[in-house]
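*Asks:* model this:
(chains A and B)
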Amino acid sequence: MQTSSPQGMVYGVILNDRPTLDRLGPALSQPPYNAPPKAPILYIKPYNTHAGAAVRLPRGAERVEVAATLGLVIGRDATALDEATAMDAVAGLRPILDVSLPNPSVYRPPVRERCFDGSCPMGGTLPYAAVAGLEALTLRTLVNGTVVAERSLSDLVRPPARLLAEVTGFMTLRAGDILHLGIALNGPQAGAGDRVRLEIDGFAPLDIAIEDAAAEGETP
Amino acid sequence: MKRARILLDGTVHAAVEEEGLLRLSDGRLIAPEAVDWLPPVEPRTVFALGLNYADHAKELAFKAPETPLVFLKGPNTIAGHRASTRRPADATFMHYECELAVVIGRTARDVPRDRAYEVVAGYSVANDYAIRDYLENYYRPNLRVKNRDGCTPLGPWLVDAADVPDPMNLSLRTLVNGRVTQEGSTRDMIFDVPHLIAYLSSIMTLSPGDVILTGTPEGLADVVPGDTVTTEIEGIGSLVNHIVAG
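*Replies:* Sure thing, here's the model as predicted:
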């Protein structure tokens, strides 16, 4: 199923990969969290973040985190999906590099950290039906040509169909929205002048350049 | 001027308020009861504030934040005036939040506080329901609490900014089945409208159609199916919502 829905919202997910959950381990039962997460934990990448090839550092920032993930492009409005048929609502798959200001805490919504302009570069979309073995895909992040992170989507706590079912159990995803499969927290960083690439087998690489912050008073 | 978007006989119309009636853009004058109300704007990015009134922060046993506690909402959660909002069957505490909504009218980046009102198109009333059963301490308030379908009614009107000379001195209140349960004034915001616009536009570019829900004062109460919840702000409007089982 392929649609030409306009670009909608991008919903991100954290704590959906076993390595991050294992690494944080006991901290998730301590204040301020007090208990490991139960439902999917989402955040929003609003329209001003949706971007292409260059990401400007926010003023005052020297480093940003670059987190690789894959987005599920929703093909029809989706509410309360059944896990068994949830993937029928997916039209496409799209590589995403979620760029953020480093923050070890995930207690408060990450607006300052994850919503600055251009912080959601996305690659080209492939039709869902054209990609075999989604959960066996490997995501490789390179900074200036060197692999700095590699992850397999076999690390997901909630595989795509289950994630879709649980998320649409409490909110509708609309045609054109993107739900990504989750990012590993506290991953690789990059600074001004660095070139970051996300490689996923079968997809065109997503290349971005990190640029210096806008000067005070300059119109971005 | 008070502006609305309404649905009449299967057609969406722009309308303005005229002596208690709706003047449609095609010239007809219609009773407000005869139409379905859409949100007065189709929001782009929706920001909401947590703990932005000192009394409410205290009510929730939080100390007032040092920087604005901002979270985002998706388009799925916005509903119009006189909408029905579903209370999940397993919820034990679902509460309204009466909030002044600020609609951005111009592209805005790094706006100083003393020029913030220049980028405001107008104001509306929002009811930012929360279902506290689903609170988790990750990106709190998490989307399962705050981004449910139809749980953020907005309206009835977009009131032009020029008609609201002092948005920081408006009384607001909530009535449940006609009984007042929440009362406050926008003057008690911790971070006022100019501060919020300056703060958000220092992080990111704001665009026309972005909406900022500015937080709620104390006076939370559980609402159940059958309840009619009216959130109202002086000079801005009276937003009616019906709770249904869902």
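*Asks:* enumerate the positions of the longest helix belonging to chain B that are buried.
*Replies:* In chain B, with assignment by DSSP state H, the single longest helix is helix B:193-203. The neighbour-count check on helix B:193-203 (16 or more other Cβ atoms under 10 Å in any protein chain shown) flags B:193-194, B:196-201, B:203 as buried. Glycine gets a C-beta too; all of them are placed from N, C-alpha and C.
*Asks:* restrict the residues you listed to those near chain A?
*Replies:* residue B:203 (Cβ under 8 Å from any Cβ of the partner chain).
*Asks:* burial measure for residue 190, as a count.
*Replies:* This is for chain A. For residue A:190, the number of neighbouring residues by other Cβ atoms under 10 Å in any protein chain shown comes to 23.
*Asks:* not what I meant, chain B
*Replies:* Quick note: residue B:190 (other Cβ under 10 Å) scores 19 neighbours.
*Asks:* wouldn't residue B:211 be in contact with residue B:100 here?
*Replies:* No. Counting by Cβ atoms under 8 Å, residue B:211 stays clear of residue B:100, with 10.8 Å between them.
*Asks:* joint contacts of these two?
*Replies:* Common neighbours of residue B:211 and residue B:100 (criterion: Cβ atoms under 8 Å, 6 or more residues apart in numbering or on different chains): residue B:126.
*Asks:* hang on, residue B:166 in a helix?
*Replies:* No. Read with DSSP: H, G, I helix; E, B strand; the rest coil, residue B:166 is coil and lies in no helix.
*Asks:* would you list the phi and psi of it?
*Replies:* phi -140, psi 80 (degrees, to the nearest 10).
*Asks:* what's the neighbour count on it?
*Replies:* By other Cβ under 10 Å, 9 other residues sit near residue B:166.
*Asks:* circling back: how about residues contacting the longest helix of chain B?
*Replies:* By Cβ under 8 Å, 6+ apart, helix B:193-203 touches A:58, A:111-112, A:115-116, B:47, B:49, B:67-68, B:70, B:100, B:102, B:104, B:108-114, B:116-117, B:119-120, B:167-168, B:191, B:206, B:212, B:214.
*Asks:* from those residues, which ones fall inside strands?
*Replies:* Residues of these located in strands (DSSP state E): B:47, B:49, B:70, B:100, B:102, B:104, B:120, B:212.
*Asks:* and the residues you listed near chain A, which?
*Replies:* Among those, chain A is touched by B:47, B:70 when using Cβ under 8 Å from any Cβ.
*Asks:* ok, residue A:27 - contacts?
*Replies:* residue A:33.
*Asks:* quick one: pLDDT of it?
*Replies:* Turning to residue A:27, the model gives it a pLDDT of 96.
*Asks:* and the buried ones among the contacts of helix B:193-203, selectable in PyMOL?
*Replies:* A single PyMOL command selects the buried members of the contacts of helix B:193-203 (16+ other Cβ under 10 Å):
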select buried, (chain A and resi 58+111+112+115+116) or (chain B and resi 47+49+68+70+100+102+104+108+109+110+111+116+119+120+167+191+206+212+214)
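*Asks:* what's the span of stretch A:12-21, first residue to last?
*Replies:* With Cα to Cα, to the nearest Å as the measure, the ends of stretch A:12-21 fall 16 Å from one another.
*Asks:* got it, and stretch A:12-29?
*Replies:* OK, stretch A:12-29 end separation, Cα to Cα: 23 Å.
*Asks:* got the buried residues for it?
*Replies:* For stretch A:12-29, by 16+ other Cβ under 10 Å, it's A:12-17, A:20-21, A:24, A:28.
*Asks:* sorry, back to before: quick one, the longest helix of chain B and strand B:46-50 angle?
*Replies:* 120 degrees (axes from the mean of the first three to the mean of the last three Cα atoms, to 10 degrees).
*Asks:* and the helices in chain B?
*Replies:* Under DSSP H, chain B gives helices at B:54-59, B:143-146, B:193-203.
*Asks:* of the ones you listed, which is nearest residue B:184?
*Replies:* With Cβ to Cβ, the closest approach to residue B:184 among those belongs to helix B:54-59: 7.2 Å.
*Asks:* centre of the chain to that closest one, how far?
*Replies:* 19 Å (Cα atoms, centre = their mean, to the nearest Å).
*Asks:* in terms of secondary structure, what does it contact?
*Replies:* Contacting helix B:54-59 under the criterion 3 or more Cβ pairs under 8 Å, 6 or more residues apart in numbering or on different chains; DSSP states H and E is no other helix or strand.
*Asks:* only the buried residues of that helix, if you could.
*Replies:* B:56-57.
*Asks:* same thing with stretch A:157-174?
*Replies:* For stretch A:157-174, by 16+ other Cβ under 10 Å, it's A:157-168, A:170-174.
*Asks:* give me every residue that touches residue B:73.
*Replies:* A:44, B:46-48, B:146-147, B:152, B:213.
*Asks:* in strands, which of the buried residues of stretch A:12-29 appear?
*Replies:* Those of those lying in strands (DSSP E): A:12-14.
*Asks:* of all the residues you listed, which comes closest to residue A:209?
*Replies:* residue A:12 (21.9 Å).
*Asks:* hey, C-alpha coordinates of stretch B:183-198 in CSV?
*Replies:* Provided in CSV are the C-alpha atoms of stretch B:183-198 (Å, rounded to 0.1, in the frame of the first residue of the first chain):
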residue,chain,number,x,y,z
GLU,B,183,-11.4,29.4,39.7
GLY,B,184,-8.3,31.5,39.0
SER,B,185,-6.8,34.3,37.1
THR,B,186,-4.3,34.4,34.3
ARG,B,187,-2.4,37.0,36.4
ASP,B,188,-1.2,34.0,38.6
MET,B,189,0.8,32.3,35.8
ILE,B,190,4.4,31.6,36.9
PHE,B,191,5.6,32.2,33.3
ASP,B,192,3.4,34.7,31.6
VAL,B,193,2.5,34.8,27.9
PRO,B,194,5.4,37.0,26.8
HIS,B,195,7.8,34.9,28.8
LEU,B,196,6.5,31.7,27.2
ILE,B,197,6.8,33.1,23.7
ALA,B,198,10.3,34.3,24.4
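*Asks:* now do it, average pLDDT.
*Replies:* Rounded mean pLDDT across stretch B:183-198 is 97.
*Asks:* now for chain A, the helix or strand with the poorest mean pLDDT.
*Replies:* None of the helices or strands of chain A scores lower by mean pLDDT, DSSP states H and E than strand A:50-51, at a mean of 88.
*Asks:* show me which residues of chain B are close to chain A?
*Replies:* B:44-45, B:47, B:69-77, B:109-110, B:134, B:136-144, B:147-149, B:203-205, B:207.
*Asks:* in stretch B:228-246, what's buried?
*Replies:* B:229-233, B:236-241, B:243.
*Asks:* nope, stretch A:67-84 is what I was after
*Replies:* Buried residues in stretch A:67-84 (16+ other Cβ under 10 Å): A:67-75, A:78, A:81.
*Asks:* out of these, list just those in helices.
*Replies:* Going by DSSP H, the helices hold none of the buried residues of stretch A:67-84.
*Asks:* with respect to chain B, which of these is nearest?
*Replies:* residue A:78 (10.4 Å; Cβ to the nearest Cβ).
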